[in-house]
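**Q** My questions are about this predicted structure, shown below with the sequence.
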Amino acid sequence: MRRFLVFALPASIVAAISTSARAACAADPNDLSFKQMIKRGITGETFYHRMIIGRVVLVRDPGDAGGSATAVVAVGAHPTGFVPLVARVRFYLPPPNAGLEDNVEFKRGERWVIIAHHKRDGAYSHDGGCGQTRRVTKAGFRRLMSLARKYD
């Protein structure tokens with residue numbers, strides 16, 4: 001019995017860790033698509049209730065060490081509720097060569113759809129690497145902006 005536990009316990013721990021790691025970013029079948037969010041005027045989330053379609057114009061970061069950073073986003077559209085024309089979005093900037101998976105890292109000039117929570121200090125927090133916040137192409141950005149204007 002003791003030998004069984006010695007071999008079974010580590011195997012079950014490894015299986016649990018790998019299963020939870022895979023499940024951590026599994027897509028929720030109840031998530032709305034960006035088009036559905038724009039058409040309905042909601043994100044489908046109670047905490048992350050804002051959709052921001054915009055372009056990063058500046059990244060304020062702590063330097064080489066990594067840590068909390070802020071992306072300044074020029075907002076093109078905000079189909080699910082008011083967002084100012086310039087929004088500050090907080091994110092974690094990893095140290096160089098950290099190699100973090102599932103981390104949202106904003107860079108100047110990129111276009112994003114950000115599913116966010118409005119914080120008390122006026123900034124926004126995004127829904128994380130496993131959420132629906134996504135970088136979009138120039139063409140995708142144009143399509144979403146056009147759709148947002150249509151339903152505004």
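**A** Nice, thanks for sending it over. Everything quoted here is computed from the prediction, not taken from an experiment. Numbering: from 1, shown residues only.
**Q** Now do the same contact list for the residue nearest the centre of the chain.
**A** The chain has residue 133 as the residue nearest its centroid, 3.2 Å off, counting by Cα atoms, centre = their mean. Neighbouring residues of residue 133 by Cβ atoms under 8 Å, 6 or more residues apart in numbering: 104, 112, 113, 114, 115, 116, 126, 127. Yep, even glycine has a C-beta here, placed from its N, CA and C like the rest.
**Q** same thing with residue 48?
**A** By Cβ under 8 Å, 6+ apart, the residues touching residue 48 are 115, 116, 117, 126, 127, 131.
**Q** For the residue lying closest to residue 40 once chain neighbours are set aside, grab the count of nearby residues.
**A** With Cβ to Cβ, 6 or more residues apart in numbering as the criterion, residue 40 has its nearest non-adjacent residue at 7.0 Å, and that residue is residue 32. Neighbour count of residue 32, defined by other Cβ atoms under 10 Å: 18.
**Q** again with residue 29
**A** Residue 29: 5 neighbours (other Cβ under 10 Å).
**Q** ditto for residue 135
**A** 16.
**Q** any idea how far the residue nearest to residue 40 lies from residue 134?
**A** Here residue 32 is placed at a distance of 13 Å from residue 134 (Cβ to Cβ, to the nearest Å).
**Q** try residue 119
**A** Applying Cβ to Cβ to residue 119 and residue 134 gives a distance of 21 Å.
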